[in-house]
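> Sharing a model that was predicted from the sequence below.
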Amino acid sequence: MRAPVDKLLVALVQADLEWEAVRGNLARFDKRLEQAAGADMIVLPEMFASGFTMRGKEEVASHHEEIIAWMQARAAKHAALLVGSTVYKAADLFYNRLVAAFPDGETRHYDKRHRFAMGGEEEHFAAGKEQVTLLYKGIKIAPFICYDLRFPVWSRNATGYDVAVYTANWPESRREAWQILLKARAIENQAHVIGVNRVGVDGNGTRHAGDSAVISPKGKRLGGVPPMVDAVRLVEMDLLAAREFRERFPVLRDKDNFQVEL
């Protein structure tokens, strides 16, 4: 295992998504990614190629190979880890799948564990059954999707991850919860937290404010994208300082043990 880097530059891509228009969205992301030059990691919103659609899942899933190939090509072009979720179909089941495309062409994935029952999400998507840790530049990264943010046991830093990533289509009506929970997950897990949310109105009439941000292990907002705007922002994370903080103040040594029932 290579020595971890001391700093990591992340690009937050907060975007207004065109409803269920895969190729149109990919074309617009090509333009947005030009603003992410120099980033080590680029994070896109949940279901970045379509918006959060359930009834249109079959059509969007038919493009999943195209979407993943696009991610691989852009990760290589920008020499960055590219992260975002899309609809994926396997064995007659649909998943909200986060794909991590590495610059060398490798991909890994995480399937969303928590489905928003009040919105009927469990009727359309199967639940993920595995927690995932990505290793990139010596840094451990834990990927999550949207509603997972509300569940601290699932997000618990049991693997010693350095960074947690939440890609989302979080509604404007609950934006304060989004902002508070990003900070809570960072503080309790002593890790940097990246939250990337979409903006605009989706095909269901739901408004999204964005509020994409990077939070330090101490709960400080290090930077982000202004609300309500389609924009890209670069934020640097000081991972060396985070490691030193965990050594000086190792609260996770006193954590409770939980068993997740799948």
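Structure's in. What do you need? Numbering: from 1, shown residues only.
> List the contacts of Pro226.
Gly210 (C-beta atoms under 8 Å, 6 or more residues apart in numbering). In this view, the C-beta of every residue, glycine as well, is placed from N, C-alpha and C.
> cool, Tyr136 as well?
Asp40, Met41, Leu81, Phe102.
> So what does it look like in phi/psi?
For Tyr136, the backbone dihedrals (degrees, to the nearest 10) come out as phi -150, psi 120.
> Please apply the same query to Ala90.
Dihedral angles (degrees, to the nearest 10) for Ala90: phi -150, psi 130.
> quick revisit: out of the contacts of Tyr136, which sit inside strands?
Met41, Leu81 (DSSP state E).
> looking at the contacts of Tyr136, which has the most residues close by?
Met41 (26 neighbours; other C-beta atoms under 10 Å).
> what separates that one from Lys140, distance-wise?
13 Å (C-beta to C-beta, to the nearest Å).
> On the three-state scheme, Met237 is what?
Secondary structure, DSSP: H, G, I helix; E, B strand; the rest coil: Met237 is strand.
> which regions of this structure lie under the pLDDT threshold?
Where the chain drops to pLDDT under 70, the residues are 1.
> Do a quick rundown of the helices in it.
Ranges of helices within the chain are 22-33, 57-61, 64-78, 152-155, 175-189, 239-248, based on DSSP state H.
> I'd like the ones you listed as CSV, with distance to Arg2 and mean neighbour count appended.
CSV is the format used below for the helices of the chain (distance: least, C-beta to C-beta, whole Å; neighbours: other C-beta atoms under 10 Å):
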stretch, distance to Arg2, mean neighbour count
helix 22-33, 26, 17
helix 57-61, 36, 17
helix 64-78, 18, 18
helix 152-155, 26, 16
helix 175-189, 23, 19
helix 239-248, 13, 14
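> Out of the ones you listed, which is closest to Glu261?
helix 152-155 (10.4 Å; C-beta to C-beta).
> and the closest one, what does it pack onto?
With contacts defined as 3 or more C-beta pairs under 8 Å, 6 or more residues apart in numbering; DSSP states H and E, helix 152-155 has these neighbours: strand 139-145, helix 175-189.
> hmm, try it at 7 Å
Packing partners of helix 152-155 (3 or more C-beta pairs under 7 Å, 6 or more residues apart in numbering; DSSP states H and E): helix 175-189.
> which residues are contacting the helix it packs on?
Contact partners of helix 175-189, identified using C-beta atoms under 7 Å, 6 or more residues apart in numbering, comprise 149-150, 152, 155-157, 164, 170, 192-193, 195, 197, 209, 211, 213, 215-219.
> One more pass at 6 Å, please.
Here helix 175-189 makes contact (C-beta atoms under 6 Å, 6 or more residues apart in numbering) with Leu149, Ser155, Asn157, Trp170, Val193, Gly195, Ala209, Asp211, Ile215, Pro217, Gly219.
> As a markdown table, those residues with distance to Leu252 would be great.
Listed next are the contacts of helix 175-189 as a markdown table, based on distance: C-beta to C-beta, whole Å:
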| residue | distance to Leu252 |
| --- | --- |
| Leu149 | 19 |
| Ser155 | 13 |
| Asn157 | 6 |
| Trp170 | 27 |
| Val193 | 15 |
| Gly195 | 21 |
| Ala209 | 32 |
| Asp211 | 27 |
| Ile215 | 17 |
| Pro217 | 11 |
| Gly219 | 15 |
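> Return the member of the residues you listed nearest to Glu122.
Nearest to Glu122 among those, with distances taken as C-beta to C-beta, is Leu149, at 17.2 Å.
> Quick check: the gap between that closest one and Gly224.
For Leu149, the distance to Gly224 equals 15 Å [C-beta to C-beta].
> Can you give me the neighbour number for Gly119?
Gly119 has 15 neighbours, counted by other C-beta under 10 Å.
> Name all residues that make contact with the nearest residue to Ile141 once chain neighbours are set aside.
Computed as C-beta to C-beta, 6 or more residues apart in numbering, the closest residue to Ile141 that is not its neighbour in sequence is Leu134, at 4.3 Å. By C-beta under 6 Å, 6+ apart, Leu134 lies in contact with Ala100, Arg108, Ile141.
> let's see it at 7 Å
By C-beta under 7 Å, 6+ apart, the residues touching Leu134 are Ala100, Arg108, Ile141, Pro143.
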